[in-house]
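# fold the following.
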Amino acid sequence: MNRPHPTTRPSRTTKPPTASASSSSWNGPADDHPTRRRTLRARLLDFIRGATSRLTSAWRILTDAQNRLLTALAAIRPGRAATTRIRAAVLAFQQALASFDRAAGGFIERWAATDLPLAYRDGSLAMLDQADRPHRSWSWTTRHQNTVTTVTAQFYADLMGRLREAIRRAQAFLRAATDAARTRITQFDVGSFDADALRQQHPSAR
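Presented below is the predicted three-dimensional model:
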């Protein structure tokens with residue numbers, strides 16, 4: 001019996017996106033308008049909340065897909081349509097895995113290229129507020145640019161590594177789940193498919 005394999009995740013460059021100091025998101029006058037000074041802290045908190053929300057949404061794509069796969073495979077019984085139904089469940093999971101990859105990868109690239117530099121700038125301005133110094137005394141010097149570039153590269157490499165590991169674990173989960181489903185329909189071993197055991201063996205499916 002031919003065995004459908006999980007699709008490999010699209011190749012994504014390991015080189016972090018370039019965060020250019022000439023970007024309009026980096027530049028702009030560091031003015032001392034009172035409203036701006038009051039909202040710096042709020043903007044930093046918004047960065048954190050936004051990042052958490054986007055990562056949670058991306059992760060939910062994967063966990064929901066894993067739960068749907070287990071439900072679909074658990075409902076399959078031996079018969080003519082069993083193989084077709086397994087293939088359909090595998091395809092649906094692969095498509096969801098690709099969506100997870102795009103969502104998580106897109107977040108990582110945006111955060112490294114745009115959000116992190118903006119957070120760095122606003123953090124610097126907040127420090128000026130603490131020191132009671134004017135915002136106009138701060139600018140994107142070479143030192144600041146180099147610092148952000150270094151931090152961005154480290155952040156990007158770490159999160160992309162975590163994303164690749166999540167994809168690898170999801171593919172391992174898919175193989176284990178489909179193997180268990182095939183064993184049940186080919187060997188008529190109803191007890192071979194244990195969704196709870198699969199969740200315990202693959203914690204990301206919880």
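
# chain center to the lowest-mean-pLDDT helix or strand in the chain, what's the gap?
Using mean pLDDT, DSSP states H and E, the weakest-scoring helix or strand in the chain turns out to be helix 195-201, at a mean of 78. Its chain's C-alpha centre and that of helix 195-201 lie 23 Å apart, by CA atoms, centre = their mean, to the nearest Å.

# quick one: buried residues of that helix?
Of the residues in helix 195-201, 195, 198-199 count as buried by neighbour count, 16 or more other CB atoms under 10 Å. Where you see a C-beta, it was placed from the backbone N, CA and C, and this is true even at glycine.

# including distance to Ala81, could the residues you listed go into TSV?
Formatted as TSV, the buried residues of helix 195-201 follow (distance: CB to CB, whole Å):
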residue	distance to Ala81
Ala195	20
Leu198	22
Arg199	26
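
# where in the protein is pLDDT low?
1-38, 40, 188-192, 203-206 (pLDDT under 70).

# at 80 instead, please
Low-confidence segments of the chain (pLDDT under 80): 1-45, 47, 79, 129-130, 184-197, 199-206.

# which stretches of it form helices?
Applying DSSP state H to the chain gives helices spanning 34-74, 82-110, 116-130, 142-187, 195-201.

# returning to what we had before: what's the least confident helix or strand of the chain in contact with?
70-71, 73-74, 173, 176-177, 180, 205-206 (CB atoms under 8 Å, 6 or more residues apart in numbering).

# if you rank these by neighbours, which is first?
Within these, most neighbours by other CB atoms under 10 Å means Ala177, with 27 neighbours.

# residues touching it, list them.
Ala177 sits next to 69-70, 73, 198 when contact means CB under 8 Å, 6+ apart.

# make it 6 Å
Contacts for Ala177 (CB atoms under 6 Å, 6 or more residues apart in numbering) come out as 69, 73, 198.

# tell me the buried residues in stretch 63-73?
In stretch 63-73, counting by 16+ other CB under 10 Å, buried: 65-66, 69-70, 72-73.

# and the residue most central in space within the chain, what does it touch?
For the chain, the residue nearest the mean C-alpha position is Ala104 (2.5 Å; CA atoms, centre = their mean). Contacts for Ala104 were tallied using CB under 6 Å, 6+ apart; they are 58, 163.
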